[in-house]
Structures are given as structure tokens and as C-alpha cells.
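Student: Turn this into a model:
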Amino acid sequence: MPVSDQGSARVRRVRDRIDAYVGLTKTRIIEQLLVVTVPAMCLAARGLPSVWLILATLVGGALAAASAHALNCVVDADIDAVMKRTARRPLAKGQVPPRNALVFGLVLGVVAALLLGFTTNWLAAALSVAAIAFYVLVYTLILKRRTSQNIVWGGAAGCMPVVIGWAAVTGTVEWPALVMFAVIFFWTPPHFWALAMRYREEYAAANIPMLPVVATPLQVSRRIVAYTWVMALVTLLLLPVTSWIYAVAAVLGGVYFIYQAHHLHHAVASGAEPTPMKLFHLSNAYLCGLFVAIAVDAVIGLPTLFG
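Tutor: Just a heads-up that it's a prediction; the model follows:
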């Protein structure tokens, strides 16, 4: 092989190895987590925090999420290999040795905690460690394979970015942060159960008791409707610290989400072919829009509705 070809092959191997380790972090999910962090910081600061504080919090939060996801891949390698949706993940394909992935995940967690501790505060750092531990130990190791309520309680880890963002700004955790936590907490089941309805057979093949695997479609759609209503009502608890900008987004977005949840339930109840992925994609857009409204509201600084 010519020297130039050997060099190209070496570069490709290095690139493939880097891509494999990046794949362990599930970057698409990290993007969604970071979308809610900045608005929480803006609301905490009642404006736009310093660029350096935002950057430090986002980098630290991204590393913490990457750590949790890499460790999750180690634990769930057998599941990922069975499910078509996850079969391309690095451990499922044998691209990364499990021991290396474990060390990689642990190192990312340590770096995330130290970065947040030294650049923001140690409360934010401690919360990031708690989120990693909860996601890996409680959700992945205990709940995921044992109960249909796995995503309900396990989803709490995905709510932590708003609390971490708030703590990074204020050094405390106040009630608006807990409300935002609750919004994401009640948003998670409709979001994930809609996805699980679509991939029910894959979860069943992997022996994962997601609700759509162990319950009837009608039972699932009823719970989706119930959680959607609760989520929409919880969003209204932020009205005392926001203006009409957020109020309009929360009310209109909540009404539309509720309408689509009922539409899915009606399709299931009537025996029509349901389209759960429509609700899944809507849920992503809804959460993004709601938190963008929080950020815009805080930065513009209009009088609060009850101010």
C-alpha cells in the first residue's frame, strides 16, 4: 500500500474511533437538554446572564449528559443490539470495548462536575452528579427493565438541566425552577410513550416493559391524555413570574398539545390507525417553543402578569 494510502487509512480509523465515542454520548438528546437550560438561566437572572456563565453551564451540562448517556450505553448494550432503532450505537456494533466506554463515561462525569464547580458553583456541580447517578443507577439499572413506570420516574433525570441552570445563576433552587422541572417531568411520559407505541415490537423483543408493551393501546392513550392535561396545567404555575408573552405561548401550545393527545386517543378508541409519531414530534416542538418563550419573556423584561 502506498504511503499516502496508509496515511489516509490511518486518518479514517482515527475519525471512525472518534465518531464511535461521540456516538456514545447521544448528541441529539443533549441538544434537547441544553435547549431548556438557557431559558431557565434567563428566568433566574430576570434577563440575559453573562455569556461566560451560559457557556460554562452549557459545556458542563453537555459533558454531564454525555457521561450519563455513555454509561447508559454500557448497561444497555444487550438491549441496543436487539432493537433496530438502537442497533447502530457503538457498543451494539462492537466499535468501542465496554471497559473503554465505562471509563469514558466516568471521566466525562468527573470533568463535568469539576468544570461546573469551578466556573459556576458547587451546587450546580452536585446537581449534575445527582442527575448522572439517578439516570444510570435508578433508571437504567433498576427501573427500565422492571416496571412500566420506568420512564415516569426515570425521566426525572432529564428534568435536571433546568434546575442546574437555575442553580448556576443563583446558587439556590427556587420554586420557579421546580415548576420547570415539573413541566418536563409531566411532558416526558406523553413524549416517550408516543415513541414507544411506534416501536412497541422492538421493546417487546428486548423484554423492556415500556407501557405500550404491557398495556393496551387504549390504556396508553388514556394516560397520555392525562399526563398532557397535567403538564399543560403545570405550565400555568409560571404565570406569576412571567408576562403575557409566556402566557400566550403556554396557553396556545398547551391547548394544541391537548388537542393532539385527544386526537391520538380518539384514533385508538375508534379502531383507526393511530399516528403516535406525530405527537412525538409535536412534543419536541412544543417543549422547545415553550422554553424559548420563557427566555424571550425574561430577556425583554415586561411586567409580570401578577407583578
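Student: which residues sit in contact with residue 157?
Tutor: Contacts here follow Cβ atoms under 8 Å, 6 or more residues apart in numbering; on that basis residue 157 touches 68, 131-132, 134-135, 138-139. Where you see a C-beta, it was placed from the backbone N, CA and C, and this is true even at glycine.
Student: What is the nearest of the residues you listed to residue 205?
Tutor: residue 139 (20.5 Å; Cβ to Cβ).
Student: I'd say that closest one and residue 154 touch.
Tutor: Yes. Contact criterion Cβ atoms under 8 Å: residue 139 and residue 154 qualify, at 3.0 Å.
Student: Could you report the neighbour count for residue 88?
Tutor: Residues near residue 88, counting by other Cβ atoms under 10 Å, number 11.
Student: Looking at the contacts of residue 157, which one is closest to residue 278?
Tutor: Nearest to residue 278 among those, counting by Cβ to Cβ, is residue 139 at 26.3 Å.
Student: how close does the closest one get to residue 102?
Tutor: To residue 102, residue 139 is 17 Å away according to Cβ to Cβ, to the nearest Å.
Student: Show the pLDDT at the residue most central in space within the chain.
Tutor: The residue lying closest to the centre of the chain (Cα atoms, centre = their mean) is residue 158, at 4.3 Å. With respect to pLDDT, residue 158 scores 88.
Student: quick one, what contacts it?
Tutor: By Cβ under 8 Å, 6+ apart, the residues touching residue 158 are 33, 135, 184, 188.
Student: Pick out the most distant pair among those.
Tutor: It's 135 and 184 that sit farthest apart of these, by Cβ to Cβ, at 13.7 Å.
Student: quick revisit: can you redo the contacts of residue 158 as CSV with secondary structure, distance to residue 150 and pLDDT?
Tutor: CSV is the format used below for these (DSSP: H, G, I helix; E, B strand; the rest coil; distance: Cβ to Cβ, whole Å; pLDDT from 0 to 100):
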residue, secondary structure, distance to residue 150, pLDDT
33, helix, 19, 74
135, helix, 12, 93
184, helix, 16, 96
188, helix, 11, 95
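Student: still on that earlier bit, show me which of residue 139 and residue 102 is the more surrounded one.
Tutor: The neighbour comparison of residue 139 against residue 102 (other Cβ under 10 Å) goes to residue 139, with 21 against 16.
Student: Kindly list the longest helix within the chain.
Tutor: In the chain, assigned by DSSP state H, the helix with the most residues is helix 244-270.
Student: in it, what counts as buried?
Tutor: Residues 246-247, 249-250, 253-254, 257-258, 260-265, 267-268 are the ones in helix 244-270 that count as buried (16 or more other Cβ atoms under 10 Å).
Student: Just give me the closest of these to residue 88.
Tutor: residue 264 (28.1 Å).
Student: The closest one touches residue 274, doesn't it?
Tutor: Yes. Counting by Cβ under 8 Å, residue 264 touches residue 274, with 5.6 Å between them.
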